[in-house]
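> Kindly generate the corresponding structure for this input.
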Amino acid sequence: MAMNALNMTDEELVEAIVSGNRQAYAKLVDKYARQFRMIAYRLLGDMSFAEDMVQEAFIKLWTNAHSFDARQAKFSTWFYRIVVNKCLDEKRKKRPSALPENYDEVDTSERVDSMLEKQGRNKLLNTALENLPERQRIAVTLSYMDQLSNMEAAEIMDLNIKAYESLLVRARAALRKLLAQEKAQLLETLV
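Got it, this is the predicted structure:
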């Protein structure tokens, strides 16, 4: 049976995937792969891990499409949760290795200065984001970088809207504080 995946909603495409329709699967991969790879990259900070996590999420879509319930959530929200959970699982697996005894720590003021010269404001913001607690970083990423509504982001994080908005307020305050510290350090190096 031939079908035209171009005119189907995401939810209809998932239904077709349940029946083993490769054209529907390819359509969702084409539509969302890049977007979710960038989300995973922002959460993990490593493009190869991000690509692996998105690939695993799409494999899960193919093998478990039957677990999607369009009455419970939109496809994109459901898939966000899968990708975010895969990224969080991957981060939990990583164990930092101990530094050698003769290791000298790098002076952070030089790192900040060279970072600003090479990468500019985006790198500074990414550094501040990396220093946020994990849930705050996810909230900022979903709301500001992925431009989701607070309702959608709260659903992805499995929070009620008030709890999500409170988390976002704390994240913005923490970012302001981190960026103010970075600005002060930068100004000290210029004096």
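> so the closest residue to residue 65 other than its chain neighbours is in which element?
In space, and not counting its chain neighbours, residue 65 is closest to residue 17: 4.2 Å by Cβ to Cβ, 6 or more residues apart in numbering. Placement of C-beta: from N, CA and C, glycine included. Secondary structure assignment for residue 17, by DSSP states H and E: helix 10-18.
> before we move on, the earlier item: which residues touch the residue nearest to residue 65?
When contacts are counted by Cβ atoms under 8 Å, 6 or more residues apart in numbering, residue 17 is found next to 24-25, 28, 61-62, 65.
> same thing with residue 80?
For residue 80, the contact set (Cβ under 8 Å, 6+ apart) comprises 36, 39, 142, 146, 148, 152, 156.
> Show me those that map onto helices.
Among those, the ones falling in helices (DSSP state H) are 36, 39, 152, 156.
> so which of these comes closest to residue 55?
Nearest to residue 55 among the ones in helices among the contacts of residue 80, counting by Cβ to Cβ, is residue 36 at 10.0 Å.
> what residues are up against the closest one?
Listed by Cβ under 8 Å, 6+ apart, the contact set of residue 36 reads 54, 57, 79-80, 83.
> ok, of those, which one's closest to residue 169?
Within the contacts of residue 36, distances to residue 169 taken as Cβ to Cβ reach their minimum at residue 80, with 21.4 Å.
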